[in-house]
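Participant: Take this sequence and fold it.
(2 chains, ligands or ions: 1)
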Amino acid sequence: MGYTITEKILLAHTDLQNIQAGQLINARVDIALGNDITAPIAIKEFRKAGGKKVFDKEKVALVLDHFTPNKDINSAMQCKFVREFALEQNVTHFYEGGNVGVEHALLPEAGIVLPGDLVIGADSHTCTYGGLGAFATGVGSTDFAAAMLIGELWFKVPESMKFIISGSLQKWVSGKDLILHIIGRIGVDGALYKAMEFTGETIGILPMADRLSMANMAIEAGAKNGIFPPDEITREYVEKRAKRKYTFYSSDGDAEYCDVIEIDAGKIEPQVAFPHLPSNVKGISAAGNVKIDQSLIGSCTNGRIEDLRIAARILKGRKAAAYVRLIVVPATPAIYRQALQEGLLETFLDAGAIISPPSCGACLGGHMGILAEGERAIATTNRNFVGRMGHPKSEVYLANPAICAASAVLGRIASPAELA
Amino acid sequence: MIYQGRVWKFGDNIDTDAIIPARYLNTSDPGELAAHCMEDADPGFVGKIKAGDIILGGENFGCGSSREHAPIAIKAAGISCVIAKSFARIFYRNAFNMGLPIFESAELFAAIKDSEELTIDSTSGTITVAGGNKTFRINPIPPFMEQLIADGGLMKHIMHK
Ligand code: SF4
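Facilitator: All right, here's what the predicted structure looks like:
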């Protein structure tokens, strides 16, 4: 019996001869990530266990992106605590201030995570790097502490679900819509403990930004990881960024899957996830008349330059509706600069947008875009749980950047097709 | 181990934003986190519970963020253990790694009402409902997880090795 790409990557990080789904293994970690919320607990655990030196300073990434620029004294203290640890340990991949970007946009962009890697992060959206053909999964702070200490961690080898996606995408449909559609179909625990492997002709030509945004939301279906077989599109993305060797793995023809789901992408229209679950999905034509108070374009799901270009195309020469706060968050400093050079930021300013520094900020209801009681936001982010972006009686609707831009202009959830 | 207390029953997909909202994540102090435990699922929760009480959840308990603040808040609030039909995988890892006992049982969720008193004996694998004659078996904890708990969590486990 052959192996899936997930099994192959896990096996390559052990000393075992073979591997099978359900097995508990210890595996070596290529990159271990923490942020300003999760790293403080991990560092305390690391010290409590008598940790003096991290296992490899090149393999630890600390990104202060959640409550930064520091929103209050407590968050400043958390950042200071992590910074002092990063300095003491001389951690190579430490990001804060003007260098910081949203971690899951930053690490692929900087070539820190690469195809074939085994990546763990004390952040649930670590699964994003599956877009590159890496095994990447979110863990807790204690796991991160253990990985910093000994460079390996326990895993249960997941069963894999295969998604075969074919057909050409309709106008304004992106990877975000494919993954929302899939979550709507299988539910928020439809892939619990499993690997989601994305294949098929549509995936073969899907740009890297879309792959990353799909893998990002695998956790929203309960999955352990999402993964895309690496190909020429992957090579083009990583070869100019990688500073170390990387490996392309692919699933064997006779690999075992617990489920195979075929999807006709041509039938999918832009999707909107209604409150309060990412699986509560409707096609845009069935959205009805939902007035909004805020539109957020950004996050590790859709804050890349490709996303900003789409939004700018729709916002060019138009304005956000009165009383709608349009917030644009370029996910990294490089994306910010690129958007500046391409004139996108001017388009956003002309449309009445607030341009936020790269930060998680509003996405998790942290700061810089909190919702009041009864308010509604449409967002390119990945979660719409109760209270996610502010007051427990506020609402979040998830969609792609085109829908969020058009909705900002019309003041209600709408498709760009209505603007023609 | 014996865990004993009143059951607080919740529905499916209780997410980490409901267990401990992000607005309180500017600290990792267990006491401060405990004060807001389950706030967005049941605003008065912390004021109502007694030490030893038990949370009973439906499917996919603890979905969402990787924040260990969620099991920390539950543990520090005095909850002795969590039972659910199923757990989201990062929450599952975190609970074992930090020594919060959790048990999976779909049968129990259907049979137990809010506010019933339970006694859980994790060694013999039985759950008894007070004042009645209902007894349930719980799925045994996988041996590796048992070892984690016996060692006092993941960090002690790896130091132990
Ligand atoms: S942008 Fe949002 S989902 Fe992504 S890492 Fe930040 S808080 Fe988490």
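Participant: ok, and does stretch B:79-90 reach over to chain A?
Facilitator: Yes - Stretch B:79-90 reaches chain A (CB under 8 Å from any CB of the partner chain) through B:86, B:88-90. The C-beta positions use only the backbone N, C-alpha and C, and glycine is treated the same way.
Participant: Narrow the residues you listed to those in helices?
Facilitator: Residues of the residues of stretch B:79-90 next to chain A located in helices (DSSP state H): B:89-90.
Participant: what about the residue nearest to B:Lys9 when sequence neighbours are not counted, distance to B:Ala95?
Facilitator: Nearest in space to B:Lys9, with sequence neighbours left out and distances taken as CB to CB, 6 or more residues apart in numbering or on different chains, is B:Asp114 at 4.0 Å. Going from B:Asp114 to B:Ala95 by CB to CB, to the nearest Å gives 22 Å.
Participant: Show me which of those two is the more surrounded one.
Facilitator: Taking neighbours as other CB atoms under 10 Å in any protein chain shown, B:Asp114 and B:Ala95 compare with B:Ala95 leading, 25 against 10.
Participant: May I ask which helix or strand encompasses that one?
Facilitator: Using DSSP states H and E, B:Ala95 falls within helix B:89-98.
Participant: Name the single longest strand found in chain B.
Facilitator: strand B:2-9 (DSSP state E).
Participant: mean confidence for that strand?
Facilitator: Averaged over strand B:2-9, pLDDT sits at 95.
Participant: which of the residues of stretch B:79-90 next to chain A lies closest to the ligand?
Facilitator: B:Ile90 (12.9 Å; CB to the nearest ligand atom).
Participant: The closest one is in contact with B:Phe61, isn't it?
Facilitator: No - counting by CB atoms under 8 Å, B:Ile90 does not reach B:Phe61; the two are 11.5 Å apart.
Participant: For the closest residue to A:Phe85 other than its chain neighbours, give me its contacts.
Facilitator: Leaving out its chain neighbours, the residue that sits closest to A:Phe85 by CB to CB, 6+ apart is A:Ile43, at 4.9 Å. Going by CB atoms under 8 Å, 6 or more residues apart in numbering or on different chains, A:Ile43 touches A:81-82, A:85, A:145.
Participant: Same check on A:Ser299?
Facilitator: A:Ser299 neighbours (CB under 8 Å, 6+ apart): A:102, A:329, A:331, A:360, A:363, A:379-382.
Participant: per-residue pLDDT, it?
Facilitator: Looking at A:Ser299, its pLDDT reads 98.
Participant: B:Pro21 versus that one, what's the distance?
Facilitator: On the measure of CB to CB, A:Ser299 and B:Pro21 end up 18 Å apart.
Participant: residue boundaries of the helices in chain A?
Facilitator: A:5-12, A:39-48, A:73-89, A:103-109, A:141-150, A:175-186, A:201-204, A:208-216, A:232-239, A:299-302, A:305-315, A:333-341, A:344-350, A:401-410.
Participant: The closest residue to the ligand within chain B: how many residues sit nearby?
Facilitator: Residue nearest to the ligand within chain B (CB to the nearest ligand atom): B:Ser65, separated by 7.3 Å. For B:Ser65, the count of nearby residues is 30 (other CB under 10 Å).
Participant: Kindly report the same for A:Ile284.
Facilitator: There are 24 residues near A:Ile284, going by other CB under 10 Å.
Participant: for it, what are its contacts?
Facilitator: Counted by CB under 8 Å, 6+ apart, A:Ile284 has contacts A:269-272, A:399, A:403, A:413-415.
Participant: tell me what the helix or strand of chain B with the lowest mean pLDDT is packed against?
Facilitator: Ranked by mean pLDDT, DSSP states H and E, the weakest helix or strand in chain B is helix B:143-151, scoring a mean of 81. Counting contacts by 3 or more CB pairs under 8 Å, 6 or more residues apart in numbering or on different chains; DSSP states H and E, helix B:143-151 is packed against helix B:89-98, helix B:154-160.
Participant: pLDDT of the shortest one, averaged?
Facilitator: Spelled out, that is helix B:154-160. 88.
Participant: mind listing what's buried in it?
Facilitator: B:154-155, B:157-159 (16 or more other CB atoms under 10 Å in any protein chain shown).
Participant: Can that helix be said to contact chain A?
Facilitator: Yes - Helix B:154-160 is in contact with chain A by CB under 8 Å from any CB, via B:154-156, B:158-159.
Participant: Leaving out sequence neighbours, find the closest residue to the residue nearest the centre of chain A.
Facilitator: What sits nearest the mean C-alpha location of chain A, by CA atoms, centre = their mean, is A:Asn216, with 3.5 Å. For A:Asn216, the nearest residue in space outside its immediate sequence neighbours is A:Thr128; the separation is 4.2 Å by CB to CB, 6+ apart.
Participant: list the contacts for that neighbour?
Facilitator: Residues counted as contacts of A:Thr128 (CB under 8 Å, 6+ apart) are A:104, A:108, A:136, A:212-213, A:215-216, A:300.
Participant: Could you rerun that using 10 Å?
Facilitator: Taking CB atoms under 10 Å, 6 or more residues apart in numbering or on different chains, we find A:Thr128 in contact with A:102-105, A:107-108, A:113, A:119, A:121, A:134, A:136, A:138, A:211-219, A:225-226, A:300-301, A:382.
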